[in-house]
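**Student:** 3D model of this:
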Amino acid sequence: MKTTSRMFRRERTMISWAARFRLLQYVKASLWIVPLIGLLLGALLAEWAAGVEGAGWWPDSWRYSASTASSVLSSVVGAMVALLGFVVTIGVLVVQQATGTLSPRYMRLWYRDRLQKAVLATFAGTFAYAFSLLRRIESDSVPDLGVTLSGVFVSLSLVLLLIYLNRFTHNLRPVAIADLVGRLGEKVLVRATERVHHSSAHDASFPPSAAPVTLIRSERGGVIQAFDPAGLIATAVHHDGVLVLAHQVGDFVPPGATLVEAHGCARAPDPRRVTGLVALGTERTIEQDPAFALRVLVDIAIRALSPAVNDPTTAVQVLNHIDSFLHVVGRARLRGRYVLADGEGRPRLVVEGRGWEDYLELGITEIREYGATSLQVCRRLRALLDDLLETLPAERLPAVRAELALLDESVRRAFTDPARLAAARTADRQGLGGGARPGEEPARRWR
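**Tutor:** Prediction:
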């Protein structure tokens, strides 16, 4: 208890957790911070290379005339500027691709690509290095080692550019992005369920309604991006009460709305202290919101099903990754609400959670509605639901059967011809060409 109180007093004098979280998000998404560091390192490295010029331990073949050194470094400066412009052009193409055929929500993940930042930093650093060395060249003094190293840095830049182009051409396909987003969402889900695995098992009526309640309201509007469980628990311990997060991560909270409820506190917590433990932003993030990854996958699939794109095969490929994601969700220990305890086992924090039905509805509903007239999509959706019925625990199956009934109704309305109706009701993991023939529908889906 004393340790928690000391931690609470120490954190009050520091920048809020929410501000640190938003700053970290900005740094992760920034495309200029890492290149700026590369620019500074390049200039410093040029000073070092010029400083060791008098050592004379390199071979005579590394010697350059003043005119040759100036030409080499000038060429390096021009090449790096051109390559930086080329990478920016690729960035513009990615934006167009994402907003046109993928999902604008994917851009938040693309901004964080480490390889892209490494390429920009290398180009900027090489530019600063060569430009800084140019002013060191005189008729009787040439930084020979520095000129040689500039060639090494140019070679490294070209290798990174080739790797970047390879990744760009292969990983910008919708199916590659779906794989990346799906694996990231699964990782976040597993981490989140492990964190709350040891939460207290209290029923839905906790905390007691008779306890005095203090409503802590949001000063600004925004989407709940994340919250600090340890900080909220420490605050609840300090005030000997229970805090309830009034909204799920991913919900939009308007200004003045209740953000946190403080139950049974002997003294009302400082509102700024509590709101500083919940990060609000302009859009959802994936750090504590695995459903956001599923949202991006669904967006890509329904964009492929739009009349402007009309690419049901891409939707089927994305459904493969939605299928994998839903299997991970179906085996996870989900709860409608989580009650987190302090070190002594006393409940201190209540957080609303998403149930299996929420994830299943998010992953299936819109694709079913927009793809109801596509034979491929209907067959792949049925195979997905059949797989869930076969592999998930019994408590998950009623929701899956309900989705199957809705799919049957959509198929019945969309296909009036008996032969096409039978074909649409056939489960097929490839959409077309990989499943049973009409009339051979597996009976296991009704278990």
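**Student:** I'd like the distance between the spatially most distant residue from the centre of the chain and G433.
**Tutor:** Distance from the C-alpha centroid of the chain peaks at D140, with 55.0 Å (C-alpha atoms, centre = their mean). Distance, D140 to G433, by C-beta to C-beta, to the nearest Å: 75 Å. Bear in mind the C-beta positions are built from the backbone N, C-alpha and C, glycine included.
**Student:** do V154 as well
**Tutor:** V154 is 49 Å from G433, by C-beta to C-beta.
**Student:** and whichever strand or helix holds L93, what does it pack onto?
**Tutor:** Using DSSP states H and E, L93 sits within helix 66-100. Packing partners of helix 66-100 (3 or more C-beta pairs under 8 Å, 6 or more residues apart in numbering; DSSP states H and E): helix 107-110, helix 114-134, helix 144-171.
**Student:** Tell me which of those is the most buried.
**Tutor:** Most buried of the helices and strands packed on helix 66-100 by mean neighbour count (mean count of other C-beta atoms under 10 Å) is helix 114-134; its value is a mean of 22.
**Student:** which intervals of the protein have sub-threshold pLDDT?
**Tutor:** 1-14, 53-62, 98, 195-211, 435-447 (pLDDT under 70).
**Student:** how about the nearest residue to the residue nearest the centre of it, chain neighbours excluded?
**Tutor:** Nearest residue to the geometric centre of the chain (C-alpha atoms, centre = their mean): I286, 4.3 Å. Among residues not flanking I286 along the chain, F292 sits closest, at 4.9 Å (C-beta to C-beta, 6 or more residues apart in numbering).
**Student:** same check, this time on L45
**Tutor:** Per C-beta to C-beta, 6+ apart, closest to L45 is Y129, 5.5 Å.
**Student:** Pull the number of nearby residues for the closest residue to V147 other than its chain neighbours.
**Tutor:** Spatial nearest neighbour of V147, excluding adjacent residues (C-beta to C-beta, 6+ apart): A69 at 4.8 Å. By other C-beta atoms under 10 Å, 22 other residues sit near A69.
**Student:** and the gap between A69 and A130?
**Tutor:** 10 Å.
**Student:** what's the spacing between stretch 136-146 and its chain's center?
**Tutor:** Relative to the centre of its chain, stretch 136-146 is centred 48 Å away, using C-alpha atoms, centre = their mean, to the nearest Å.
**Student:** same check, this time on stretch 111-118
**Tutor:** That offset, for stretch 111-118, works out to 13 Å (C-alpha atoms, centre = their mean).
**Student:** How about stretch 241-253?
**Tutor:** 21 Å.
**Student:** That stretch: end-to-end distance?
**Tutor:** 24 Å (C-alpha to C-alpha, to the nearest Å).
**Student:** Which positions in it come out as buried?
**Tutor:** Of the residues in stretch 241-253, 241-247, 249-250, 253 count as buried by neighbour count, 16 or more other C-beta atoms under 10 Å.
**Student:** which residues sit against stretch 43-54?
**Tutor:** 125, 128-130, 132-133, 136, 141, 143-146, 149 (C-beta atoms under 8 Å, 6 or more residues apart in numbering).
**Student:** And the furthest pair within the residues you listed?
**Tutor:** Greatest spatial distance in the contacts of stretch 43-54: G125 and S141, 23.8 Å, computed using C-beta to C-beta.
**Student:** A79 contacts F153, correct?
**Tutor:** No - using C-beta atoms under 8 Å, A79 is not in contact with F153, being 10.7 Å away.
**Student:** show me where the protein has strands.
**Tutor:** Along the chain, counting by DSSP state E, strands occupy 213-217, 222-227, 242-245, 252-253, 258-263, 278-281, 337-341, 347-352.
**Student:** can these go into a markdown table with extra columns for distance to G185?
**Tutor:** Rendered in a markdown table, the data for the strands of the chain read as follows (distance: least, C-beta to C-beta, whole Å):
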| stretch | distance to G185 |
| --- | --- |
| strand 213-217 | 30 |
| strand 222-227 | 15 |
| strand 242-245 | 21 |
| strand 252-253 | 20 |
| strand 258-263 | 25 |
| strand 278-281 | 18 |
| strand 337-341 | 19 |
| strand 347-352 | 19 |
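**Student:** To D270, which of these lies closest?
**Tutor:** Closest to D270 of the strands of the chain, according to C-beta to C-beta: strand 213-217, at 9.1 Å.
**Student:** Sheet-wise, list the partners of that closest one with their directions.
**Tutor:** Its sheet considered, strand 213-217 pairs with strand 258-263 (antiparallel) by DSSP bridges.
**Student:** How about the contacts made by the closest residue to F153 other than its chain neighbours?
**Tutor:** In this structure, F153 finds its nearest non-sequential neighbour in T126, 4.3 Å apart by C-beta to C-beta, 6+ apart. By C-beta under 8 Å, 6+ apart, the contact list for T126 reads 42, 76, 80, 150, 153-154, 156-157.
**Student:** go on, L334?
**Tutor:** Taking C-beta under 8 Å, 6+ apart as the test, what L334 contacts is 193, 353-356, 359.
**Student:** ok, the contacts of stretch 43-54 vs G336, which is closest?
**Tutor:** G336 lies nearest to G125 out of the contacts of stretch 43-54, by C-beta to C-beta, at 51.1 Å.
**Student:** isn't the closest one right up against L39?
**Tutor:** Yes - the pair G125 / L39 is scored as a contact, 6.1 Å apart, by C-beta under 8 Å.
**Student:** Could you report the separation of the residue nearest to I286 from A308?
**Tutor:** For F292, the distance to A308 - C-beta to C-beta - is 25 Å.
**Student:** So which residues of the stretch 301-447 of the chain form helices?
**Tutor:** 312-331, 356-370, 375-391, 397-414, 418-424 (DSSP state H, counting those that start in this stretch).
**Student:** Turn the ones you listed into a markdown table, columns for distance to L280 and mean neighbour count.
**Tutor:** Shown next, in a markdown table, are these (distance: least, C-beta to C-beta, whole Å; neighbours: other C-beta atoms under 10 Å):
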| stretch | distance to L280 | mean neighbour count |
| --- | --- | --- |
| helix 312-331 | 26 | 22 |
| helix 356-370 | 21 | 19 |
| helix 375-391 | 35 | 23 |
| helix 397-414 | 31 | 16 |
| helix 418-424 | 44 | 16 |
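**Student:** Make JSON lines out of the ones you listed and add distance to A50.
**Tutor:** Compiled in JSON lines, the helices of the stretch 301-447 of the chain are given as follows (distance: least, C-beta to C-beta, whole Å):
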{"stretch": "helix 312-331", "distance to A50": "52"}
{"stretch": "helix 356-370", "distance to A50": "59"}
{"stretch": "helix 375-391", "distance to A50": "63"}
{"stretch": "helix 397-414", "distance to A50": "68"}
{"stretch": "helix 418-424", "distance to A50": "73"}
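**Student:** Between these, which one is closest to P212.
**Tutor:** Relative to P212, the nearest member of the helices of the stretch 301-447 of the chain by C-beta to C-beta is helix 356-370, separated by 31.4 Å.
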